Each structure stands twice: as structure tokens, then as C-alpha cells.
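1. Structure of the sequence below:
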Amino acid sequence: MTTKTETIKKYIAKMDAGDIDGCYAFVTDDFVYLYHSDPKPSKLGYSDSGLGKAQYKDLCAKIKERHHDFSTTISSITEEGDKVHVKGTTKYSYDVPEVANNPAHTVTAETVFTSEYSFSGDKICFVNATPQLDAQ
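-> Below you'll find the model as predicted:
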């Protein structure tokens, strides 16, 4: 296993544990996270051309406030030059409050993703992610 693949695994483990500040030890100051999803990032108040380090950190903090029991499984990880390709699944839960005659309940969901991580030196500088949301 290379240093880059180890870095990505540590980064993902920190995110799963809710250590958002800790995972940022692995990214550059000019880090950009680009994701392709529906709804588009602009509908969530973010740029469609990618999130900078501070914006992505803010988004992750909001996600962690509303979701729990994160667990990411990496199904494949391959390195090509300064890029690392990752395929995996992140499972998580979120609580739905009582509405009308529907009682409060917890929903378990998962995101299957394909991401390409680019590096500058030994740090992640760019993530190009394509999630596929699928609630259960």
C-alpha cells in the first residue's frame, strides 16, 4: 500500500469518526471538492464548480449534525501517478421527526461513490466525486 492510498484511508476514517478537523491535516490549503449529484451543489448554497476547503468543511459539519452511524467501506482503491481512484459505499442513518400521523423514525441510507483524488506532494488537493444516493 502506498503513502497516497494510506492517506486516503486515514482521511476517510477521520470523516467516518466525525473528526472533521483531523481529516484536514491530509488536505492542502487550496483543496477543492467537486461532486456530481442531484440536487446540484448550487441548490444547497454551494458552487457547482467545486467547494473550497472551508466550504467543504462547513458542509461536512452540517452533514455530521444531521446524520449518524457513518461507516465507509472501500471496495477498490488504485493509484495512477498523482491520482488515486476509489470506489466504495458509505452507510449512515438520520432521524425523521414525527409529522402528522407518521411517527418519528430513523432511516438508514447508503451512498455508493466513485472518487478520484489528486495529490500535491503528500496531501490531497482535489477530489472529484460521483455519488449515487439510495435510501433504504
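2. Can you report phi and psi for the residue located most distally from the centre of the chain?
-> Within the chain, N101 marks the point farthest from the mean C-alpha position, 33.9 Å out by Cα atoms, centre = their mean. Torsion angles at N101 (phi, psi; degrees, to the nearest 10) stand at phi -100, psi 10.
3. same deal with G81?
-> Per degrees, to the nearest 10, the backbone of G81 is at phi 60, psi -130.
4. Quick check: the gap between it and D58.
-> Here the criterion is Cβ to Cβ, to the nearest Å. By it, G81 lies 31 Å from D58. Yep, even glycine has a C-beta here, placed from its N, CA and C like the rest.
5. of the two, who's got more company?
-> D58 (15 against 8; other Cβ atoms under 10 Å).
6. Over to V84. Which of the three states is it?
-> Recorded secondary structure, V84: strand (DSSP: H, G, I helix; E, B strand; the rest coil).
7. start the count at 34, not 1, going forward
-> Sure, I'll start counting at 34 from here, so that last one is V117.
8. quick one: which helix or strand includes the nearest residue to it once chain neighbours are set aside?
-> Counting by Cβ to Cβ, 6 or more residues apart in numbering, Y150 is the residue found nearest to V117 once chain neighbours are left out, at 4.6 Å. Element membership for Y150, per DSSP states H and E: strand 138-153.
9. Could you spell out the sheet neighbours of the next helix-or-strand element following that strand, each with its direction?
-> The C-terminal neighbour of strand 138-153 among helices and strands, as given by DSSP H and E, is strand 156-168. With DSSP bridges as the test, strand 156-168 is paired with strand 60-68 (parallel), strand 138-153 (antiparallel).
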